[in-house]
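1. using only what follows, build the 3D model:
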Amino acid sequence: MSQADQSRLKLMVVDDEPDNLDLLYRTFRRDFHVFKADGAVSALKRLETEGEMAVIISDQRMPLMNGTEFLSKTVDRFPDTIRILLTGYTDVEDLVEAINSGKVFKYITKPWNPEHLKAVVQQAADTYRVLKQRTNELSRALRREELFNVVTTAIRESLDYKSMLQTVVTTIGRNFEATVCVLQPVDGNQLIPESFSYQAEAEVATPCLPSPESMLPNVLENHKTEIVHDNTPGNPSVYLVVPLIFQQQIMAVLSLYQQGSQHPWTPEDIQLIESVGEQAALAISQAKLYQSTLLMAQQMRDELQVARQIQNNLLRQSWPDFEGARVQAHCYPAREVGGDFFEVYVHPQGDVWLAVGDVSGKGVPAALFMASAISILRRELAQESSPEPEVVMRNLNSIMSDDLFSTNCFITMVLARYTPASRQLVYANSGHIYPIVWSHRLLVQQRTAPEKNVTVEPNYLQVRGVPLGILPIWKANAGTLTLNSGDIVLLTSDGITEATVIESLGSSAYARKSELPTSAMLGSPGLWQLLLEESAPFDLTNLLAHIRERTNNVQEDDQTILSLEVL
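-> Purely as a prediction, here's the structure:
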């Protein structure tokens, strides 16, 4: 068949009168590929072998089956065909039935005007072309959308980079009926040796693919698809190399090979492969970024783990026993590292220095200031003569205020000097939580007495100044008190007092404060209720366990706690 014949639309004429059939054939044979049928039955058989017609012209009155019945039988199978009915009479009911059931485009009465009939058929042919074009466009759009959904769904299920590449090549290869499909990642416009492949199950052995040496360099250089057709009779094949490009960068090269398929790739299919490849390139880029993010996150976790160990080493893990006193301390960052810190330092003159501090914020920035604060604090405390706490605070502020102010950070801290010989405690507070002092020995005695009348009250040390880093010069008075045997001084950070309560703390027989509502912060009153339940000897580890039993399991802030008990 010539190219002109292939471009002509197919037209079927159906009439039981031979003269009319020949006339219709001669009228349209120059412009259409015409098929004749002398009745409805023979027309249906012809449609079985020839397939869809662009236009069908049928006579209404025919033996065995009239034109309306015949045309109605073609509607479901060939919905795009344009139908024209020829009738020798104008019965309204027949015409209504023809239009409704036979989906008739036009009806023409006999005898017809040849020019009018030609005009009607030409109009029908134009309508068919437009309808077919739109149907094909819609079908391609639906298929593209379907493939996009298939590829996107498959890709979303694979966050791992290598798993993603295998998913892409398998999904595209299977949906486009490729014999073999190979995906090679690209980095810096260079092919990575590792590749991912898909092979149709029907293939026993991998076919010999065309040599890519001449195609791949062109694809990498020009960023355009390369196609090689092999039109060997009986065994045609197509080799397609598609660059998967995202933001003008080739993420991978996809090679597809199709051999002897019953559904060879059309130009529309190749365009669709390229469109799907664009989506795949976006997914590969995201997977690559995700993989890079995971690697960076793991590296950061490893580095933070080292930083946590370094920070733990900065905090004194042990100290000598003190005559007449016992010190306990714990610090638990909310993240790998934090801004809380404590210090226990014994001066050569015999003074015991205690400190609990909290740098605003969390994580690495707070940890850096924490390390700096400990370093400066230890230098100040190591003077020949044991200094005054408020002087140490003022010097800390003077050294660190510029850096703290420029980063919108500040430090709250309690610094106390305990002299065992005189049992005198001198402290300075820069905006930190009030320390608590109480006689734990008396508390336990009253709680275990038969009358169980607990009268011990907490003493909150309320002498306090502004946090470090707020003002250029820090000024505040020092607080002083004398401790007795059995007294405990407790220093905490706000990670303890601001923990969220998950159950009432008023159930204790010794809790004399009002019950706290669920989801409230623990606060200093709530902490005191828990302290009322502590036995002797006082154990910070046991206290922390009780705090965590009554508060949110998720640690929201750094938690630091330190105690000094006079024996």
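2. hey, let's count contacts and neighbours off CA atoms from now on
-> Will do.
3. does Leu562 touch Gln328 like I think?
-> Yes. Leu562 lies in contact with Gln328 (C-alpha atoms under 8 Å); the separation is 5.6 Å.
4. the strands in the stretch 401-550 of the chain, which residues?
-> Taking DSSP state E, counting those that start in this stretch, the strands of the stretch 401-550 of the chain run over residues 411-419, 424-430, 436-439, 459-460, 479-482, 487-492.
5. redo the ones you listed as a markdown table? Include distance to Arg548, mean pLDDT and mean neighbour count.
-> Output for the strands of the stretch 401-550 of the chain, formatted as a markdown table (distance: least, C-alpha to C-alpha, whole Å; pLDDT from 0 to 100; neighbours: other C-alpha atoms under 10 Å):
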| stretch | distance to Arg548 | mean pLDDT | mean neighbour count |
| --- | --- | --- | --- |
| strand 411-419 | 23 | 96 | 24 |
| strand 424-430 | 27 | 97 | 23 |
| strand 436-439 | 20 | 96 | 20 |
| strand 459-460 | 23 | 96 | 14 |
| strand 479-482 | 31 | 96 | 14 |
| strand 487-492 | 15 | 97 | 23 |
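6. would you turn these into CSV with distance to Asp539?
-> Below are the strands of the stretch 401-550 of the chain laid out as CSV (distance: least, C-alpha to C-alpha, whole Å):
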stretch, distance to Asp539
strand 411-419, 20
strand 424-430, 21
strand 436-439, 15
strand 459-460, 20
strand 479-482, 23
strand 487-492, 11
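7. Ile310: which of those strands is closest?
-> Nearest of the strands of the stretch 401-550 of the chain to Ile310, taken as C-alpha to C-alpha: strand 411-419 at 20.5 Å.
8. what angle separates the closest one from strand 424-430?
-> Relative orientation of strand 411-419 and strand 424-430, computed by axes from the mean of the first three to the mean of the last three C-alpha atoms, to 10 degrees: 170 degrees.
9. what angle separates the helix or strand harbouring Val392 from strand 411-419?
-> According to DSSP states H and E, Val392 maps onto helix 389-406. With the same axes, to 10 degrees defining the directions, helix 389-406 sits at 160 degrees from strand 411-419.
10. against which helices or strands is helix 389-406 packed?
-> helix 363-381, strand 411-419, strand 424-430 (3 or more C-alpha pairs under 8 Å, 6 or more residues apart in numbering; DSSP states H and E).
11. let's have these in JSON lines, adding distance to Glu226.
-> Converted to JSON lines, the helices and strands packed on helix 389-406 look like this (distance: least, C-alpha to C-alpha, whole Å):
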{"stretch": "helix 363-381", "distance to Glu226": "52"}
{"stretch": "strand 411-419", "distance to Glu226": "65"}
{"stretch": "strand 424-430", "distance to Glu226": "73"}
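12. using CSV, list the CA coordinates for the helix or strand encompassing Thr560.
-> If you go by DSSP H and E, Thr560 is part of strand 559-566. What follows is strand 559-566, C-alpha atoms only, in CSV (Å, rounded to 0.1, in the frame of the first residue of the first chain):
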residue,chain,number,x,y,z
GLN,A,559,18.9,18.1,83.8
THR,A,560,21.6,18.8,86.4
ILE,A,561,21.4,18.3,90.1
LEU,A,562,24.0,18.6,92.9
SER,A,563,23.7,18.1,96.7
LEU,A,564,25.9,18.8,99.7
GLU,A,565,25.0,16.9,102.9
VAL,A,566,26.5,17.9,106.2
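13. partners of that strand, with directions?
-> Partners of strand 559-566 in the sheet, by DSSP bridges, are strand 325-332 (antiparallel), strand 487-492 (antiparallel).
14. list the buried residues of stretch 56-72.
-> Neighbour-count burial for stretch 56-72, counted by 16 or more other C-alpha atoms under 10 Å, picks out 56-62, 67-72.
15. could you double-check that Arg316 sits in contact with Val346?
-> No. In this structure, Arg316 is not within contact of Val346 by C-alpha under 8 Å, at 11.6 Å.
16. neighbour count for those two, which is higher?
-> Per other C-alpha atoms under 10 Å, whichever of Arg316 and Val346 has more neighbours is Val346, with 18 against 15.
17. so that one bridges to which residues?
-> Val352.
18. pLDDT wise, what is it at?
-> The confidence metric pLDDT takes the value 92 at Val346.
19. roughly how far does it sit from Tyr418?
-> According to C-alpha to C-alpha, to the nearest Å, Val346 and Tyr418 sit 10 Å apart.
20. what touches both of these two?
-> Residues touching both Val346 and Tyr418 by C-alpha atoms under 8 Å, 6 or more residues apart in numbering: 352-353.
21. any weak-confidence spans in the stretch 251-400 of the chain?
-> Where the stretch 251-400 of the chain drops to pLDDT under 70, the residues are 261-262.
22. which one of the strands paired with strand 559-566 lies closest to Asn222?
-> With C-alpha to C-alpha as the criterion, Asn222 lies closest to strand 325-332 of these, at 57.7 Å.
23. give me the contact list for that closest one.
-> Identification of contacts with strand 325-332 by C-alpha under 8 Å, 6+ apart yields 340-342, 420, 540, 558-567.
24. out of these, which one sits closest to Asn175?
-> Distances from Asn175 to the contacts of strand 325-332, taken by C-alpha to C-alpha, are shortest for Asp558, at 54.0 Å.
25. just the CA coordinates for stretch 387-403, please, in CSV.
-> Coordinates of each C-alpha in stretch 387-403 appear next as CSV, following Å, rounded to 0.1, in the frame of the first residue of the first chain:
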residue,chain,number,x,y,z
PRO,A,387,38.0,34.0,96.5
GLU,A,388,34.6,35.4,97.3
PRO,A,389,31.7,33.9,95.2
GLU,A,390,30.4,37.2,94.0
VAL,A,391,33.9,38.2,92.8
VAL,A,392,34.2,35.0,90.8
MET,A,393,30.7,35.8,89.3
ARG,A,394,31.8,39.3,88.4
ASN,A,395,35.0,38.1,86.7
LEU,A,396,33.1,35.4,84.8
ASN,A,397,30.7,38.0,83.5
SER,A,398,33.5,40.4,82.6
ILE,A,399,35.4,37.7,80.5
MET,A,400,32.3,36.2,78.8
SER,A,401,29.8,39.0,78.4
ASP,A,402,30.9,40.2,75.0
ASP,A,403,30.7,36.7,73.4
